[in-house]
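1. Quick one: sequence and predicted model below, then my questions.
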Amino acid sequence: MQTMSRFDFTPYRRSTVGFDRVFDLLENQARLNAGDNYPPFNISRRGEDNYRITLAIAGFRPQDIDITAQQNLLVVQGRKRDEAEDGSELIHVGIANRGFERRFELADFVRVERADLADGLLIIDLVREVPDAMKPRKIAVGGVGQLSAVLSSSDDDDNQTASAA
């Protein structure tokens, strides 16, 4: 018997502004993963901007796996093999070799760096690379008199740069 749990985020939506996408992602992920937990996986942080997804997919070969990264979505698919490795007839199949599809929502600026399959584990390394223009920067706060001096010196720098060109 399979039980399905549903999370209702409505009370939390009322008290937040701009987090609709986050709640939509949580609800979608809960809905997608409610019925099937195969293959099991771990997600670990390996540094400030490095992450690793490890999926337990024993019995799959590299050519049986498709990994697709598009925008903020990572999709890992495994194709099922019906025949025995050596061409013999299978009398009993006890080793799971069913196909699967696992989806992961990625944050902005996260890209797949590499994927390796070893010892029945698919390891996908992810890196977050925020463009310099998007990184936070410190803004110095000066007094009222200093603001006009800073603005006029930056205008002078712009004029010198333009005249040098």
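-> Good, I have the coordinates. A quick note: this is a predicted structure, and the numbers were derived from the prediction, not measured.
2. and stretch 125-145, which residues are buried?
-> Using 16 or more other Cβ atoms under 10 Å as the test for burial, stretch 125-145 gives Leu126. Where you see a C-beta, it was placed from the backbone N, CA and C, and this is true even at glycine.
3. Show residues contacting it.
-> By Cβ atoms under 8 Å, 6 or more residues apart in numbering, the surrounding residues in contact with stretch 125-145 are 46, 49-53, 74, 106-107, 109-115, 150.
4. Contacts only, for Ile43.
-> For Ile43, the contact set (Cβ under 8 Å, 6+ apart) comprises Tyr51, Arg52, Ile53, Thr54, Phe104.
5. Where do the domain boundaries of this structure fall?
-> What the record gives for the chain is the domain set 1-35, 38-131, from automatic domain parsing.
6. worst average pLDDT in those domains?
-> Lowest mean pLDDT within those: domain 1-35, at a mean of 57.
7. Quick check: pLDDT value at Asn159.
-> Confidence at Asn159, expressed as pLDDT, is 51.
8. again with Val144
-> Residue-level confidence at Val144 comes out at 68, pLDDT.
9. now the helices: where do they sit in the protein?
-> For the chain, the helices defined by DSSP state H cover 10-14, 20-33, 144-164.
10. tell me the contacts of the closest residue to Leu74 other than its chain neighbours?
-> Take Leu74 and drop its neighbours on the chain: the residue closest to it by Cβ to Cβ, 6 or more residues apart in numbering is Phe104, 4.3 Å away. Shown in contact with Phe104 (Cβ under 8 Å, 6+ apart): Ile43, Ile53, Leu73, Leu74, Val75, Val76.
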